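Visitor: Requesting a structural model of the entry that follows:
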Amino acid sequence: MTDAKTLKPAAEMVKANDAHVLNESKAYRQARDALAAEEIELRRHIVRVAEQRRALPPGGEVTKDYRFEGEGGAVGFAELFGDKDTLVIYSFMYGPQRKTGCPMCTSQMSAWDGIAPHVKQRAAFVMTARSPIARILAYGKERGWENLRLYSDPSGDYTRDYVSAEDADMPGYNVFTRKDGAIRHFWRGEGGKETADPGQDAHDAPDMSGLWVILDTTPEGRGTDWYPKLDDK
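Guide: Numbering: from 1, shown residues only. Modelled structure (predicted):
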């Protein structure tokens, strides 16, 4: 794990960086340099958290052969790995009781559709929901998704074990590994209202959606009551 004691102080690194913006004031540069030092520390903290995540002990073994329905028919859990040893499964909110997909899940998956070909070079990347597969595929076509691997969890067995014991229409991000013939759970997002600070939305850290990363660079920020819509009207 990265040893913070061996790293050059962030403020010292900022001083060596000759960044500036046209017509900026002295006050702006001083504040921006202070922010730059915090951004360096944030980057370092993200790296440390990722290292800590990778160092987790082996997770619980997956002993059930969960069954999914894809465009090509039924598949078992192990088949979702393909030729990879890591499998990422995102469960999105599109249960049969919903008239349309969750806007938050949809915006995130729309962003992922563009990077999915790159992700699959390193890991298997799968989306699943509780609606019938024909309905899921139709929604993907409506949203213009071309690269996401879409599956239905028809029995709900996987959803109840790894997303919601009550089979609620909830999102879930889970990572699994395959090694020495065994499949194990590796990590999942576990943020919720219990882990949210006062006045904050219960998002995970780091955020999986580039939407929030971009909005965090704007003066308006995320806002306190704004969520993406399925259209721009």
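
Visitor: And the average pLDDT for the helix or strand containing H118 is what?
Guide: Using DSSP states H and E, H118 sits in helix 103-119. Here helix 103-119 scores 96 as its mean pLDDT.

Visitor: after it, next one along is what?
Guide: Taking DSSP H and E, what comes next after helix 103-119 is strand 124-129.

Visitor: Tell me which residues are up against that next one.
Guide: For strand 124-129, the external contacting residues (C-beta atoms under 8 Å, 6 or more residues apart in numbering) are 68, 80-82, 84, 86-95, 109, 112, 116, 119, 136, 148-153, 158-159. Any C-beta I mention is one placed from the backbone N, CA and C, and that applies to glycine too.

Visitor: Output the below-cut-off pLDDT ranges for the chain.
Guide: Scanning the chain for pLDDT under 70 picks out the ranges 1-2, 4, 202, 232-233.

Visitor: Domains in it, by residue range?
Guide: 1-55, 67-188 (automatic domain parsing).

Visitor: Using CSV, lay out these together with mean neighbour count and distance to G223.
Guide: As requested, the domains of the chain are exported to CSV (neighbours: other C-beta atoms under 10 Å; distance: least, C-beta to C-beta, whole Å):
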stretch, mean neighbour count, distance to G223
domain 1-55, 11, 21
domain 67-188, 17, 14
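
Visitor: now those domains in a markdown table, with distance to T218?
Guide: As requested, the domains of the chain are exported to a markdown table (distance: least, C-beta to C-beta, whole Å):
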| stretch | distance to T218 |
| --- | --- |
| domain 1-55 | 14 |
| domain 67-188 | 16 |
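
Visitor: Quick check: which of those is nearest to G221?
Guide: Nearest to G221 among the domains of the chain is domain 1-55; the distance by C-beta to C-beta comes to 14.2 Å.

Visitor: chain center to the closest one, what's the gap?
Guide: Between the centre of domain 1-55 and the centre of its chain there are 24 Å (C-alpha atoms, centre = their mean, to the nearest Å).

Visitor: Where does L137 fall, secondary structure wise?
Guide: Taking DSSP H and E as the definition, L137 sits inside helix 133-143.

Visitor: Quick check: which helices or strands does that helix pack against?
Guide: helix 103-119, strand 149-152 (3 or more C-beta pairs under 8 Å, 6 or more residues apart in numbering; DSSP states H and E).

Visitor: what's the angle between that helix and helix 103-119?
Guide: 90 degrees (axes from the mean of the first three to the mean of the last three C-alpha atoms, to 10 degrees).

Visitor: Report the central residue of this protein.
Guide: M208 (3.0 Å; C-alpha atoms, centre = their mean).

Visitor: which phi and psi does that residue have?
Guide: With angles defined as degrees, to the nearest 10, M208 sits at phi -80, psi -10.

Visitor: please renumber so the chain begins at 558
Guide: Sure, I'll start numbering at 558, so the last one becomes M765.

Visitor: So it sits against Q665, correct?
Guide: Yes. M765 lies in contact with Q665 (C-beta atoms under 8 Å); the separation is 6.4 Å.

Visitor: At which residues are the strands of the protein located?
Guide: For the chain, applying DSSP state E gives strands covering 624-627, 630-633, 643-648, 681-686, 706-709, 729-736, 739-745.

Visitor: partners of the fourth one in the sheet?
Guide: Strand partners for strand 681-686, identified by DSSP bridges, are recorded as strand 643-648 (parallel), strand 706-709 (parallel).

Visitor: And the domains of the chain: which comes nearest K786?
Guide: Among the domains of the chain, domain 624-745 sits nearest to K786 (C-beta to C-beta), with 5.6 Å.

Visitor: Can you measure across that closest one, start residue to end residue?
Guide: 20 Å (C-alpha to C-alpha, to the nearest Å).
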